[in-house]
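>>> Turn this into a model:
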Amino acid sequence: MGHLDDLPGLDGPAALAWRVAFEGGRQALSAGKLEAAVGQLREAVTLLEAHRSGLAPEEAQRFAADHRGAYGALIQALIDAGRPGEAADYAAQLGVDPGEALPEGDRARLAELQALVG
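Take a look at the predicted model:
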């Protein structure tokens, strides 16, 4: 199993960029700076996706599952920013089930928000 800091094949400047974007996004989310969090977490996920796109399909699925915390953080930031539709669209685009990527308490919140906008 991977860890959010363990990105096989991603090293040097790319690994540093990933860590800076992900940690910056998490800190911004914790501080309530939602737009900054969305931007940085989106950048972190873009780096993950660039790496994942070079993997074999089975490895890519495993990689996404191992790093669902990063996807979940972006989805959470979008929900907190009042953009549940974008959160659901982003999850679908990434092939990530938003219900699995989010903590259990937030799954019901996502469903409620989607019902309001959907």
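>>> how about stretch 31-49: buried residues?
33-34, 36-45, 47-49 (16 or more other Cβ atoms under 10 Å). To be clear about C-beta, it is placed using only N, CA and C from the backbone, and glycine gets the same treatment.
>>> contacting residues around that stretch?
7, 10, 14, 17-18, 21-22, 24-26, 28-29, 63, 67, 70-71, 73-74, 77-78, 80-81, 83, 94 (Cβ atoms under 8 Å, 6 or more residues apart in numbering).
>>> ok, which stretches of this protein are helices?
Remark: helices assigned in the chain by DSSP state H are 13-30, 34-52, 57-66, 68-80, 84-94, 98-101, 104-117.
>>> can you list those helices in a markdown table and add mean pLDDT?
As requested, the helices of the chain are arranged in a markdown table below (pLDDT from 0 to 100):
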| stretch | mean pLDDT |
| --- | --- |
| helix 13-30 | 90 |
| helix 34-52 | 91 |
| helix 57-66 | 80 |
| helix 68-80 | 85 |
| helix 84-94 | 80 |
| helix 98-101 | 58 |
| helix 104-117 | 60 |
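>>> so of the ones you listed, which one's packed in deepest?
helix 68-80 (a mean of 22; mean count of other Cβ atoms under 10 Å).
>>> Point out the other helices and strands that that helix packs with.
Secondary-structure packing of helix 68-80 (3 or more Cβ pairs under 8 Å, 6 or more residues apart in numbering; DSSP states H and E): helix 13-30, helix 34-52, helix 84-94, helix 98-101, helix 104-117.
>>> That's all I had, so thanks and see you.
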